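Asker: Okay, sequence plus prediction incoming.
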Amino acid sequence: MTTENSTAITMYDKVSDPLEFIQRTGEIMAKSGFAGVEKVEQGMLLAWMSLCEKKSPTEILRQYHIVKGKLSMKAEAMLAEFNNRGGKHFWVKSDQKEAILRLTYGQFKDFDVSYTIEDAERAGLCGKNGARLPKQTEDSNWQKRSEVMLRARVTSKGVHMVAPAINAGISTPEEIEDYRTIVTVQPERKSLLAPAQAPAAPQAAIEPEVMPPEAVDTPANSTAIEAEVVPPEEKEAAERKELIELLEEVGPDGAEWLVAKKWVKNAEEIEALPIQKVRDLIGRKSQFKQAVKTFKALQVQNTKK
């Protein structure tokens, strides 16, 4: 046991009011900007983890990081924890085009997981062969160090498949940065006064068996009242912003779900979703989240096959 950890355990054993400790520590972290903490809630999260695991914040941050206000776990930390739990890993291949990670853990023996530059292209993370996206003005890490990005993606994917308890609900910093790029690099928005183009074919609503409608306690005439008060263009902008926040919450899997549903061709077209689709999603958030989880679980099952 390290001296640092021994000191931390002694300190935490003396905490008489855990809630007060978490609140005050969170406030101090937010004021100081420690480890990228921008809000009290983020500082409280780190304080809570430190208290539960009886580790100092610096030890916690060797595994976890806050990126753009979200908790993340570096790929190296995921592999380290994977090995600490009895797993073994071996890099079969790692270059600018493909990363192949071989994992052994429990019932998984020499289980190979791969992530290619074509996978990144299909997910809307980069252009063909790792090039820039159409509206991208500067090189991202996919152009600067694609081999690192591929390793981060395949690590998160592989550990999630083989030992999901390690990184359940937590992305790597690279994945969070990727998603920020996806929702930022958007096609130029057309004038709201321009005539709307009819879709090539009628698009089906969200399947009721996957996303049943939620009961909404709203007066029948509320929509009409809102339309009188809020200009349509402002209302639509607010709804699209709410969708982006929802997609940030569920992570990259949400964008992949939309692509798989063929609502968009790639992730950078999300902001161009028909407004009715936007309203379907933000109006049934819990169903959307569950649909994304089911979609991801099916992907994992298909990969195992």
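Answerer: Ah, there it is. Source: prediction; values computed, not measured.
Asker: going forward, measure contacts between C-alpha atoms and count neighbours the same way
Answerer: Noted.
Asker: At which residues are the strands of the stretch 101-250 of the chain located?
Answerer: 108-116 (DSSP state E, counting those that start in this stretch).
Asker: so where's it shaky on pLDDT?
Answerer: 168-233 (pLDDT under 70).
Asker: Mind doing that once more with 80?
Answerer: Where the stretch 101-250 of the chain drops to pLDDT under 80, the residues are 167-238.
Asker: the helices in it, which residues?
Answerer: 117-122, 141-144, 146-162, 173-184, 222-229, 232-250 (DSSP state H, counting those that start in this stretch).
Asker: from the middle of its chain, how far away would the second one be?
Answerer: What that stands for is helix 141-144. Between the centre of helix 141-144 and the centre of its chain there are 19 Å (Cα atoms, centre = their mean, to the nearest Å).
Asker: do stretch 45-52 as well
Answerer: 21 Å.
Asker: Send me it as CSV with only the CA atoms.
Answerer: The C-alpha trace of stretch 45-52 is given here as CSV (Å, rounded to 0.1, in the frame of the first residue of the first chain):
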residue,chain,number,x,y,z
LEU,A,45,-18.6,13.2,-8.1
LEU,A,46,-14.8,13.0,-7.7
ALA,A,47,-15.1,13.5,-3.9
TRP,A,48,-17.8,10.8,-3.7
MET,A,49,-15.6,8.3,-5.7
SER,A,50,-12.6,9.2,-3.5
LEU,A,51,-14.5,8.6,-0.3
CYS,A,52,-16.1,5.3,-1.5
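Asker: That one: which residues count as buried?
Answerer: Within stretch 45-52, the residues that count as buried by 16 or more other Cα atoms under 10 Å are 45-51.
Asker: Report the contact partners of residue 157.
Answerer: Residues near residue 157 by Cα atoms under 8 Å, 6 or more residues apart in numbering: residue 113.
Asker: roughly how far apart are it and residue 252?
Answerer: Note on residue 157: its distance to residue 252, by Cα to Cα, to the nearest Å, is 12 Å.
Asker: Then residue 129?
Answerer: Here residue 129 is placed at a distance of 20 Å from residue 252 (Cα to Cα).
Asker: okay, now residue 119: neighbour count?
Answerer: Per other Cα atoms under 10 Å, the neighbour tally for residue 119 reads 15.
Asker: pLDDT score assigned to the residue most central in space within the chain?
Answerer: Residue closest to the average C-alpha location in the chain (Cα atoms, centre = their mean): residue 251, at 2.3 Å. Note on residue 251: pLDDT of 82.
Asker: Then the one 10 residues further on?
Answerer: In this model, residue 261 is scored at 80, pLDDT.
Asker: repeat for residue 295
Answerer: 79.
Asker: Repeat that for residue 291.
Answerer: Per-residue confidence at residue 291 stands at 84 (pLDDT).
Asker: element containing it?
Answerer: Assigned by DSSP states H and E, residue 291 falls within helix 285-304.
Asker: what comes up buried for that helix?
Answerer: Buried residues in helix 285-304, defined by neighbour count with 16+ other Cα under 10 Å: 285, 287-289, 291-293, 295-296, 300.
Asker: and what of stretch 72-82?
Answerer: 72-79, 81-82.
Asker: next one: stretch 105-117
Answerer: Buried residues in stretch 105-117, counted by 16+ other Cα under 10 Å: 105, 112-117.
Asker: Identify all contacting residues around it.
Answerer: With Cα under 8 Å, 6+ apart, stretch 105-117 has contacts from 86-88, 96-104, 129-130, 146, 150-151, 153-154, 157-158, 162-163.
Asker: Quick one: buried ones out of those?
Answerer: With burial judged by 16+ other Cα under 10 Å, the buried subset of the contacts of stretch 105-117 is 87-88, 96-104, 130, 146, 150-151, 153-154, 157-158, 162-163.
Asker: shouldn't residue 12 be in contact with residue 51?
Answerer: Yes - checked against Cα atoms under 8 Å, the pair residue 12 and residue 51 is within contact range at 6.4 Å.
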